[in-house]
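Visitor: Got a predicted structure plus its sequence, pasted below:
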Amino acid sequence: MYEKLKEIIEGSKSIVFFGGAGVSTESGIPDFRSETGLYNAKQEYGRSPEEMLSSRFFEKHPVTFFDYYKKNLIATWAKPNDAHKALAKLEKDGKLKAVITQNIDGLHQMAGSKTVYELHGSVHRNHCIHCGKKYGLEYILDGNNCKNTNGEEDGVPRCSCGGIVKPDVVLYGEMLDEDCIRHSVKAISSADTLIIGGTSLAVYPAAGFVRYFQGKNLVVINMSSTAMDLEANLVIRDPIGQVLRETVLI
Ligand code: ZN
């Protein structure tokens, strides 16, 4: 069914995959930017996800921030799907050079991918905003680490020094990590094939990155149209997990 994509992959030596929320939805992780995500946030909090996930809101309302964040952006039960597995296999086979993702769930690494550039950070890394001490995800989810000065649990993780522990996730109003940008641009500009998957490229500045591609095969796999469809050599409108399973895993 996906013969053309198979041919492209077979003929490629340095594939780069650029992915978004659609890659993780098949693992059951809802996209907080989707219409449903937006609706639920408004219903429960009277605010938009963008507002609650901004650096300003984090500073002013950490209790609400962490309540929303933990309920909507963390899915400890989620497992890699066939898209993650296929990409890890392509890297192992020496065909794929990097995965660049807008997701923060760490599922690519869980599937075995080694070179993963996480443009928006990761829920698995956290640090104290006062002393810089690093913490994993388990720490911030443990209620014993989330007590205010009165000893009451309020969901806000605190460091042994008393500082708030902040997720290494790029919040609205914050800059992307410079090293991550540099590595991503370098990978894209030296790739012979760029596969864009599970993203409509609507979130700035993600769309700008793919403009650095100079290779010969541009593939778009997404359920809806994207900004790069017209320039792509191949556009596939099917779920990314299904496409990569049938192309790479079977
Ligand atoms: Zn600290």
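Guide: Ah, there it is. Residues are numbered from 1 along each chain as shown.
Visitor: Going by C-alpha atoms from here, please, whenever you check contacts or count neighbours.
Guide: Noted.
Visitor: Could you tell me the end-to-end distance of stretch 23-41?
Guide: One end of stretch 23-41 sits 22 Å from the other (Cα to Cα, to the nearest Å).
Visitor: ok, and what's touching it?
Guide: Stretch 23-41 is contacted from outside by 21-22, 47-49, 72-73, 75, 78-81, 83-84, 103, 107, 197-199, 240-241, using Cα atoms under 8 Å, 6 or more residues apart in numbering.
Visitor: In helices only, show me the residues you listed.
Guide: Using DSSP state H, the members of the contacts of stretch 23-41 that fall within helices are 21, 22, 49, 72, 83, 84, 107, 240, 241.
Visitor: pLDDT, neighbour count and distance to residue 214 added to those residues, as TSV?
Guide: Below are those laid out as TSV (pLDDT from 0 to 100; neighbours: other Cα atoms under 10 Å; distance: Cα to Cα, whole Å):
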residue	pLDDT	neighbour count	distance to residue 214
21	93	22	25
22	93	23	25
49	95	22	35
72	94	17	37
83	98	27	24
84	98	25	25
107	98	19	28
240	96	26	23
241	96	25	26
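Visitor: Which one of those is nearest to the ion?
Guide: Nearest to the ion among these, counting by Cα to the ion, is residue 72 at 25.4 Å.
Visitor: So for the closest residue to the closest one other than its chain neighbours, what's the pLDDT?
Guide: Excluding the flanking residues, the one nearest residue 72 by Cα to Cα, 6 or more residues apart in numbering is residue 32, at 7.0 Å. Looking at residue 32, its pLDDT reads 88.
Visitor: and residue 16, what is it in contact with?
Guide: 96, 97, 98, 99, 100, 187, 188, 191, 193, 194, 195.
Visitor: re earlier: mind checking the SS state of the residue nearest to residue 72?
Guide: Recorded secondary structure, residue 32: coil (DSSP: H, G, I helix; E, B strand; the rest coil).
Visitor: Repeat that for residue 29.
Guide: Applying three-state DSSP: residue 29 is coil.
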